[in-house]
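J.: Got a sequence here, can you build the structure:
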Amino acid sequence: NYLTGLLGFVPSCMSCEVCKRTGDPSKLMFCKRCDAACHSYCQQPPHKNVTPGPYLCPKHTWCHSCGSTVPGSGISTRWFIGHTSCDACGRLFIKGKYCPVCLKVYRDSESTPMVCCDACQRWVHCVCDGISEEKYQQFQADGNLYYRCAACRRDCYQVKDIDDAVQELWRRRDDIEQELMTTLRASAGLLSPKEMLHICPSSDDDKDFPFY
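T.: Residues are numbered from 1 along each chain as shown. Presented below is the predicted three-dimensional model:
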């Protein structure tokens with residue numbers, strides 16, 4: 001946590017985002033995205049002690065596949081894939097049951113149209129690779145019809161392993177948040193960071209000008 005690392009201790013005024021109380025400072029966990037504090041026992045599901053590894057507050061935690069903001073209902077459930085997947089979806093992802101294009105998991109019971117890539121043997125959502133209903137029916141009728149997914153064609157990023165998937169999922173999330181911020185700034189009539197830099201140049205740009 002940036003704030004506690006800077007100060008060397010937890011400020012007494014720091015309160016939990018959930019219960020709005022200071023409580024036991026040793027039980028506070030800090031979001032690595034916004035530094036918001038939350039007691040381990042105020043989480044859903046609650047934890048007796050501070051868990052190891054990075055923590056993300058509810059504002060920045062949701063499942064990439066199903067959109068859930070909690071890891072699950074059981075006491076032993078946890079976030080998977082770098083806090084990007086709930087317990088159920090994370091386990092499916094680890095088993096390889098995810099679309100290589102959108103990186104969202106699928107269940108065998110789903111009726112969403114999907115086609116299996118002959119190169120990587122992964123199932124791909126038709127909508128993710130622009131496969132029309134007519135083309136999908138052709139794949140269904142002809143088992144010998146060859147298909148190579150967008151990831152194998154290098155038309156989109158192809159994740160190499162779980163660690164790489166974590167980096168890619170966070171990159172995509174960062175892009176979404178950046179686009180949202182850009183849209184909100186434009187709607188509010190605010191200047192973009194580049195425009196601000198143009199108006200207020202950095203100190204490096206001022207070094208060529210003498211000071212009197």
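J.: Report the contact partners of residue 97.
T.: 105-107, 123 (Cβ atoms under 8 Å, 6 or more residues apart in numbering). For the C-beta atoms, the positions are set from N, CA and C on the backbone; glycine is no exception.
J.: again but with residue 74, I slipped
T.: 45, 87.
J.: residues touching residue 139, list them.
T.: 115, 131, 145, 147.
J.: Next one: the second one from residue 145, what distance?
T.: The one in question is residue 131. 11 Å (Cβ to Cβ, to the nearest Å).
J.: so which of the contacts of residue 97 is the most crowded?
T.: Among the contacts of residue 97, residue 105 has the most neighbours (other Cβ atoms under 10 Å), with 25 neighbours.
J.: State the phi and psi torsions of that one.
T.: Dihedral angles of residue 105 (phi, psi; degrees, to the nearest 10) stand at phi -80, psi 160.
J.: gap between it and residue 91?
T.: For residue 105 relative to residue 91 (Cβ to Cβ), the value is 9 Å.
J.: For this structure, which segments count as helices?
T.: Counting by DSSP state H, the chain has helices at residues 2-7, 87-94, 133-141, 162-187, 193-199, 203-206.
J.: Buried deepest among those helices, which one?
T.: When the helices of the chain are scored by mean count of other Cβ atoms under 10 Å, the highest mean neighbour count falls to helix 87-94 (a mean of 20).
J.: Show me the contact partners of it.
T.: 63-66, 68, 71-72, 74, 77-81, 85, 98, 105-107, 162, 165.
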